[in-house]
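*Asks:* Give me the fold of what follows.
(one chain, ligands or ions: 1)
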Amino acid sequence: MINRIGFDEAMALYNESDLNILSSIATQIREEINGKKVFYNKNFHLEPSNVCIHKCRFCSYRRGNIFEDGAWTMEINEIKEYCLSRYTPDMTEVHIVGSVDPSRDISYYYNVIETVRKSLPDYVAIKAFSAVEIFDMAKSAQKSIKEVLTDLSNLGVSAIPGGGAEIFDPEIRALICPDKCNAQEWLEVHRTAHSIGLRTNSTMLFGHLEKREHRVRHLLQLRELQDETDGFDAFIPLLFKTANNELSYIKEAEITEVLKTYAISRIVLDNIPHIKAYWPMLGRENSQLALLYGADDMDGTINDSTKIYSMAGSAEQKPVMTAGDLINMASKCGYVAVERDSFYNEIKK
Ligand code: V47
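*Replies:* Numbering: from 1, shown residues only. Below is the predicted model:
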């Protein structure tokens, strides 16, 4: 690739360009890749448990055991009931991320997938388990990552969400999430998923203890893996939400910094086709702004099925959006909303 942006240039753009310039560069790139389209899907989330062995300092969702206030863990017989309570017939995806629950072994997670697969029509794609959960399943079952991913794929998983990447820099990672898989291990799970044909997403948690230079290096590491495998569909910049966690003393990043980070992500990640403005985290208006800074995807209708961001203080306490809402939001920004499936195929009515 000619004229690819490197670390120094990305830092110079980040530090020296004003918002207008970043918006226009990011918009030019997003329109070259995705035209005037803003993608969305019809989906719901399943969070089987929030009891977790890991103690990520940014997390407001985890509980240390089932007796703590706000803890939950679903039995297998509750999974089907939950799916049927959230699923509507036009949905095309269920997004499953929970925790690393010490009371569960790998057979539970396999059982969750089998149960979801049996509960929903075949055309609903299962996007399941973050790299951290998959890494820990393999470790505790003494299986290889490839074996676990192959088993999950055979049971019906067709994509992996982007969670758990946080920030790759080892020093910052040691401060915010010291006890879970490291950057190389996260990347290895995604590399292996790509090698067996699973599409995956990627993320970066920003606005905590990291600096811009750590973000740019994180983006470059994702870009390098994408050069190798071409298996990432989307990148989701995740803004650290500050309520109810051990890092609550940090002030939430200003919207100008958030938008700059979206634009820099779009500019650096020249090989990842989609940048997602995840509205349960950003809120509706800031998601619209992100569309003007390189984002081309708004995720989905959600149907009040995720608690990760409401527990961290997001304005979206019961995240529900209709397709009409998403279409209007895109159109007010000068874009055309397009319904997609989990693999960015357009759904034609
Ligand atoms: O890995 C946890 C983040 C992630 C907080 O793949 C927090 O389509 C901000 O990965 N403030 C899980 N972020 C969610 C995730 C995701 C979300 C939307 C779409 C996709 C996708 C993936 O949530 C975790 C962590 O980085 N997180 N706590 C917090 N207080």
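*Asks:* Those residues of the chain touching the ligand, which are they?
*Replies:* 58-60, 97, 161-164, 166, 201, 203, 205, 236, 238, 240-241, 245, 278, 299, 308, 312 (Cβ under 6 Å from any ligand atom). Quick note: C-beta positions are derived from backbone N, CA and C, even for glycine.
*Asks:* Give me the average confidence score over the helix or strand hosting L187.
*Replies:* Under the criterion of DSSP states H and E, L187 resides in helix 183-195. For helix 183-195, mean pLDDT rounds to 98.
*Asks:* which ones among the residues of the chain next to the ligand are found in strands?
*Replies:* 201, 203, 205, 236, 238, 299 (DSSP state E).
*Asks:* where do the strands sit along the stretch 201-349 of the chain?
*Replies:* Remark: strands assigned in the stretch 201-349 of the chain by DSSP state E, counting those that start in this stretch are 232-239, 274-275, 297-300, 336-339.
*Asks:* Save those as TSV, and put in distance to I196 and mean neighbour count too.
*Replies:* Below are the strands of the stretch 201-349 of the chain laid out as TSV (distance: least, Cβ to Cβ, whole Å; neighbours: other Cβ atoms under 10 Å):
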stretch	distance to I196	mean neighbour count
strand 232-239	15	24
strand 274-275	21	24
strand 297-300	24	26
strand 336-339	28	18
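*Asks:* L220 is nearest to which of the ones you listed?
*Replies:* L220 sits nearest to strand 232-239 of all those, at 12.4 Å, using Cβ to Cβ.
*Asks:* where does this protein have low pLDDT?
*Replies:* Scanning the chain for pLDDT under 70 picks out 1-2.
*Asks:* Check the stretch 101-250 of the chain for the residue nearest the ligand and tell me.
*Replies:* Nearest residue of the stretch 101-250 of the chain to the ligand (Cβ to the nearest ligand atom) works out as G163 at 2.7 Å.
*Asks:* Look up how far T229 lies from that residue.
*Replies:* 18 Å (Cβ to Cβ, to the nearest Å).
*Asks:* and if you look at H54?
*Replies:* Remark: distance between H54 and T229 (Cβ to Cβ) = 26 Å.
*Asks:* So F39 belongs to a helix, correct?
*Replies:* No. Assessed with DSSP: H, G, I helix; E, B strand; the rest coil, F39 is strand; it does not lie in a helix.
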